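Enquirer: below: sequence and its predicted model.
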Amino acid sequence: MAIAQKIKLTDYLPADCANGRTLWIDGEWQASADGQTFPTVDPATGLKIASISQGKAADVDRAVQAAKKASKVWADMDGMQRAAIMRKAAELIREHRNALGTLDSIDSGKTISETAGRNVEGTAAMFDFYAGVTDKIRGSVIDMGPQKTGLVEKEPYGVVGAISPWNFPMSNAATKIAPILACGNALVLKPAEQTPLSALLLAHILDLAGVPKGVFSVVTGVGAEAGAALVEHPDVPKISFTGSTVTGRRIAAAAGQRLKSVTLELGGKSPFIVFDDADLDAAASGAVTTVFMNQGQTCTSCAKILVARPLMAAFIEKCKEKVAGIKIGDPLDPKNDLGPIVSTVQLDRVRRLLAEGLACGSTQIELKADYNPLEGGNFIAPMIVTDLDPNSSLAKEEIFGPVMTIYPFDTDAEAYTAANDTEYGLAASVWTTSLSRAEIARRTIDTGIVWINCVHTLSFGTPVPGRKASGLGSEYGLEVVDNYMQLKTTVTMFGGYRGLF
Ligand code: ADP
């Protein structure tokens, strides 16, 4: 029997919630208005974990009305008060490390070493970082000459709608919750239907930390119902979304009709360039990390690997050696590095892209990872593919699975052309010991992030700004204050006003 079956949800979540009332609205666990539920499934075993309330427009409306009322209480607190509550939340997140990690692992298939390790730590640190921002938000004074003062202030939007994906359930939710709260907004979160569990425990933790009732709500449900209702709700002036480009376009179009502000973190087809002067071992370590971490289900994954032709064979050998050390199996076993893919839908998509690529003449290189799939789970072994047809869907689409695609190049110009030959513009990773190459790469590659001799190296202070089809606006950094607050200009005259008429 898989370990996941031994988990009793009441050990991890408040009893009402664990027993199927999974909407957290106005400080209470509630069922959906029509009582409908959907299952969340353990991707490591295919077994149902829990029944989740299927929130719809009426439920979203209850959450938004509560948020609207509570947003005033939250915005009227001074920054220091909000910061204290957010710091308390960070402390409680660390105290709930095991529960948060376990919920994310059984729901998403991510390994417990990752979820209870760097994901919980990152989630707590996200609250600490933005607690430090909330009392430092400033406006400005504009010089308008004598008798006039121009003030520019930042005001919260009121209620923000946040829609999060399944690939880093807890971390991606926190990436929205912490800055949105820090800026004095209330928010309604719609977590991904595949992975709602950790958001429910986060709701409980924020309640314990002292976030006033109604300021943070969670409406579980499916995208086309709860997600769409949040985007369409007239009292939600701002939407923050992370997910696929297809859904991002749909949300941007709906928000555009209603003239709402949107922040979008979307997909990518990010390049990884290994020049002939690169530190080959470090580059191979970076390539194996970026392609295979989280089973390839990472939006900033730089999985389009471009290698200087003379290095191709040696680079592939090094990648094979590094893959041999990866342990794949039960996500709840702390020895494992990787688990299954999140859902059968995603697994089928990866297999389809791979089959299409191979049908177009690609070559699959055999790899020997320590691969121990569980029965009934969505497991797939890592693979490297070469000789790709650049017009195949495997070469063009975001794969979101453990597939490393490698292309040789002969000149630097060829590498840059291939790197920019995509509708996406999220990230790039470049490996070279030449300062001038690094500088040229940084200026030539049209992506929001360029990593030089590293990959996925970020801090909370570094924005993640997707370009082209990879997004609008950015997350992380102090820049998010501009996402989650609106400007107000006030001009005051000290007498002497003369109008045109
Ligand atoms: P995937 O296709 O991999 O499931 P999505 O980008 O569709 O990824 O999902 C990311 C998030 O967007 C999830 O929370 C999902 O429920 C939500 N979502 C999906 N469709 C819509 C929609 N039409 N409106 C709002 N949210 C949506």
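Expert: Noted; the coordinates are in hand.
Enquirer: tally of neighbours for V152?
Expert: Neighbours of V152 under the rule other CB atoms under 10 Å: 13. Any C-beta I mention is one placed from the backbone N, CA and C, and that applies to glycine too.
Enquirer: same question for I365.
Expert: Neighbours of I365 under the rule other CB under 10 Å: 14.
Enquirer: what about the residue nearest to it when sequence neighbours are not counted, which helix or strand?
Expert: Leaving aside its chain neighbours, I365 sits nearest to I384 (4.3 Å; criterion: CB to CB, 6 or more residues apart in numbering). Under the criterion of DSSP states H and E, I384 resides in strand 383-386.
Enquirer: just to revisit the earlier point, how close does the residue nearest to I365 get to the ligand?
Expert: Counting by CB to the nearest ligand atom, to the nearest Å, the gap from I384 to the ligand is 24 Å.
Enquirer: so which elements touch the strand holding I384?
Expert: With contacts defined as 3 or more CB pairs under 8 Å, 6 or more residues apart in numbering; DSSP states H and E, the secondary structure elements packing on strand 383-386 are helix 312-324, helix 344-359, strand 363-365, strand 403-409.
Enquirer: out of those, which is closest to the ligand?
Expert: helix 344-359 (6.6 Å; CB to the nearest ligand atom).
Enquirer: chain center to the closest one: distance?
Expert: Centre-to-centre, helix 344-359 and its host chain are 23 Å apart (CA atoms, centre = their mean, to the nearest Å).
Enquirer: helix/strand/coil for the nearest residue to A33 once chain neighbours are set aside?
Expert: Of all residues not flanking A33 in the chain, A58 sits nearest, at 4.3 Å (CB to CB, 6+ apart). Assigned state for A58: helix (three-state reduction, DSSP: H, G, I helix; E, B strand; the rest coil).
Enquirer: pLDDT weak spots in the chain?
Expert: Counting by pLDDT under 70, the ranges of the chain that qualify are 1-6.
Enquirer: up against the ligand, what does it have?
Expert: Contacts of the chain with the ligand, taken as CB under 6 Å from any ligand atom, map to 163-165, 190, 192-193, 222-224, 227-228, 231, 243-244, 247, 250-251.
Enquirer: ok, Q486 touching G158?
Expert: No: counting by CB atoms under 8 Å, Q486 does not reach G158; the two are 9.3 Å apart.
Enquirer: of the two, who's got more company?
Expert: Higher neighbour count among Q486 and G158: G158, with 21 against 15, using other CB under 10 Å.
Enquirer: what's near enough to touch that one?
Expert: 68, 71, 75, 185-186, 235, 237 (CB atoms under 8 Å, 6 or more residues apart in numbering).
Enquirer: list the helices and strands the helix or strand that the strand holding I384 is followed by packs on?
Expert: Under the assignment DSSP H and E, the closest C-terminal helix or strand after strand 383-386 is helix 393-396. Identification of packing neighbours for helix 393-396 by 3+ CB pairs under 8 Å, 6+ apart yields helix 344-359, strand 403-409.
Enquirer: now these as CSV including distance to T115 and mean neighbour count?
Expert: Formatted as CSV, the helices and strands packed on helix 393-396 follow (distance: least, CB to CB, whole Å; neighbours: other CB atoms under 10 Å):
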stretch, distance to T115, mean neighbour count
helix 344-359, 18, 16
strand 403-409, 23, 22
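Enquirer: now the ones you listed in a markdown table, with distance to K368?
Expert: Listed next are those as a markdown table, based on distance: least, CB to CB, whole Å:
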| stretch | distance to K368 |
| --- | --- |
| helix 344-359 | 18 |
| strand 403-409 | 15 |
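Enquirer: in the stretch 101-250 of the chain, which spans are helices?
Expert: Counting by DSSP state H, counting those that start in this stretch, the segments of the stretch 101-250 of the chain that form helices are 112-113, 120-134, 169-182, 197-209, 228-232, 245-257.
Enquirer: tell me which of these is the most buried.
Expert: When those are scored by mean count of other CB atoms under 10 Å, the highest mean neighbour count falls to helix 169-182 (a mean of 27).
Enquirer: with just CA atoms, put that helix into PDB.
Expert: Presented in PDB, the C-alpha positions along helix 169-182 are these (Å, rounded to 0.1, in the frame of the first residue of the first chain):
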ATOM      1  CA  PRO A 169       0.900  25.000  -5.000                       C
ATOM      2  CA  MET A 170       2.000  26.500  -1.600                       C
ATOM      3  CA  SER A 171       4.800  28.600  -3.000                       C
ATOM      4  CA  ASN A 172       2.900  30.100  -5.900                       C
ATOM      5  CA  ALA A 173      -0.100  30.900  -3.600                       C
ATOM      6  CA  ALA A 174       2.200  32.600  -1.100                       C
ATOM      7  CA  THR A 175       3.800  34.600  -4.000                       C
ATOM      8  CA  LYS A 176       0.400  36.200  -4.400                       C
ATOM      9  CA  ILE A 177      -0.900  36.200  -0.800                       C
ATOM     10  CA  ALA A 178       2.100  37.900   0.900                       C
ATOM     11  CA  PRO A 179       2.500  40.900  -1.400                       C
ATOM     12  CA  ILE A 180      -1.200  41.400  -1.900                       C
ATOM     13  CA  LEU A 181      -1.800  41.600   1.900                       C
ATOM     14  CA  ALA A 182       1.400  43.700   2.400                       C
END
